[in-house]
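Q: When you get a sec, could you give me coordinates for this:
(one chain, ligands or ions: 2)
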Amino acid sequence: MPRECLAKLRSGTPAIMPSMLLCDFANLGAEVRAMEDAGARGLHLDVMDGQFVDNFTYGMTIVRAVRSVTNLPLDIHLMMVEPEKYLGDFADAGADILTIHTEAVEDPKPLLKAIRERNVGAGLALNPTTPLEQIADALPLCDLVLAMSVHPGAGGQSFNPVALEKLSSLKDQVAKEVLLEVDGGVNNTTAAACGLAGAHLLVVGSAIFRHDPSEYRAKLEELTQLAASKLAASNL
Ligand SMILES: O=C(CO)[C@H](O)[C@H](O)COP(=O)(O)O
Ligand SMILES: [Fe+2]
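A: Ligands and ions are numbered 1, 2, ... in the order given. Sure thing, here's the model as predicted:
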């Protein structure tokens, strides 16, 4: 499934990946189904450990719960120290993509290999302040590269355009199968620039979840159109 689902996410228009961080957790199953019904092509789940980032969210129990109600690709963003301890658990919980942070590990390469060995897509994320050169030697082991457009740890922050420069250079540095993802502050003002810079996956939290579930489809469609329009934004 992961190879196939990665190729599917890469084909056609850029995919908006709802970040469930900001969903109504008292109604998690309903929120997942609402996103699926609204046409989401995958879901982004933010795991925060209170150490790599101050905030603390959830772990594999929630990943397993989401997997039990959907077949959508699950893109797990691991904002945690020592991710190597839990890769097996997250894979067993139903992850299709596991993205580790380069800042959280000494050398991401063995972890990316370990993720691929579990038949899960291997992702590598870098913070806005981390230079692209830091991950150059790991790129051949990546199925996905995530350029953060906010400092990780919370939803609702403003978009940092440094991610656009990284996406543009990544386009020329990675194999054509590799997914390029952007996460943080993606909304109606910033989505077009992300598409233009080469993002295949745009993670969106607050710009979707501050709306009523009845509006999810319209929001996803609007953001998809903007991302696919590839119009340069002048006011970022
Ligand atoms: O990884 C994240 C934060 O660290 C989230 O995926 C991201 O912030 C989504 O929320 P928003 O679209 O509101 O910025
Ligand atoms: Fe995220």
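Q: So what does residue 76 have for phi and psi?
A: The phi/psi pair for residue 76 (degrees, to the nearest 10) reads phi -100, psi 120.
Q: Can you tell me how far it is from residue 144?
A: 11 Å (CB to CB, to the nearest Å). (Each C-beta comes from the backbone N, C-alpha and C, glycine too.)
Q: and for those two, which residues touch both?
A: Counting by CB atoms under 8 Å, 6 or more residues apart in numbering, the common neighbours of residue 76 and residue 144 are 97, 99.
Q: Counting neighbours, go ahead and name the busier of these two.
A: residue 76 (26 against 23; other CB atoms under 10 Å).
Q: is it true that the more buried one touches residue 90?
A: Yes - using CB atoms under 8 Å, residue 76 makes contact with residue 90 at a distance of 5.7 Å.
Q: and for those two, which residues touch both?
A: 47, 63, 98.
Q: For those residues, could you give me CSV that also reports secondary structure and pLDDT?
A: Below are these laid out as CSV (DSSP: H, G, I helix; E, B strand; the rest coil; pLDDT from 0 to 100):
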residue, secondary structure, pLDDT
47, strand, 98
63, helix, 98
98, strand, 98
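Q: Out of those residues, which comes closest to residue 153?
A: Closest approach between the shared contacts of residue 76 and residue 90 and residue 153, by CB to CB: residue 47, at 11.9 Å.
Q: what sits opposite the closest one in the beta ladder?
A: residue 78 (DSSP bridges).
Q: contacting residues around it?
A: 57, 58, 59, 63, 76, 77, 78, 79, 80, 90.
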